[in-house]
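Trainee: I'll drop the sequence and a predicted model, then ask my questions.
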Amino acid sequence: MITGRISNSRFHKRILQTIKQARSEQRQHIHLEGLAADEVNVTPGPHISGVIALVSPWIEIESSDPLVAHISKQVLDIELAYAAFCGLGHVVVPGPKVRSDVAAYAQAISTALAHSTYMQILIQFPIDEWVGAKDDMAENILYDPLSAWDAWNTIRTVCRYSTQLAIGALKS
């Protein structure tokens, strides 16, 4: 098995330009066009069964900025739809970056699961989380061993314990 990003830097640049234009026009909701041929790294073919696709790491589904959250949800949907078109069976999605709104992230994943009925979605998730500032003095660092579990449990509950959903543990 090999891994590869679904989209490339051209797609990211287009999204950044779209955000910039939307901000200048003071728009909160826009519609993104699908992926262009020069914006993808993965193509359909006999090799696809040996590929694990990676969704763009820069999406922020749970962003407090409504425009970024709106666009990120569309990017997730676009990339998963393209992955399904290619016949990919396994896709890795970056976990939530902000733990304050895991429910919004979970809802986006639940919607993605509904549209990708045969695809296995693996969420990259840190297995430990540091709370507070990290510095040279170890006693100033607090470790919260259950915060990752709480977030993961919220996601899988909202997704109704889907068998298509799995966790990919990361050591942060």
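Mentor: Yep, it's here.
Trainee: Just give me the longest helix of this structure.
Mentor: Using DSSP state H to define each element, the chain has its longest helix at helix 66-86.
Trainee: Any idea how far that one is from the middle of the chain?
Mentor: Computed by C-alpha atoms, centre = their mean, to the nearest Å, the separation of helix 66-86 from the middle of its chain amounts to 9 Å.
Trainee: tell me the average confidence for it?
Mentor: Model confidence over helix 66-86, given as mean pLDDT, is 95.
Trainee: what packs against it?
Mentor: Counting contacts by 3 or more C-beta pairs under 8 Å, 6 or more residues apart in numbering; DSSP states H and E, helix 66-86 is packed against helix 9-24, strand 51-54, strand 90-94, helix 102-115. Placement of C-beta: from N, CA and C, glycine included.
Trainee: Just send these back as TSV, with mean pLDDT and mean neighbour count too.
Mentor: Converted to TSV, these look like this (pLDDT from 0 to 100; neighbours: other C-beta atoms under 10 Å):
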stretch	mean pLDDT	mean neighbour count
helix 9-24	97	14
strand 51-54	96	21
strand 90-94	95	21
helix 102-115	92	19
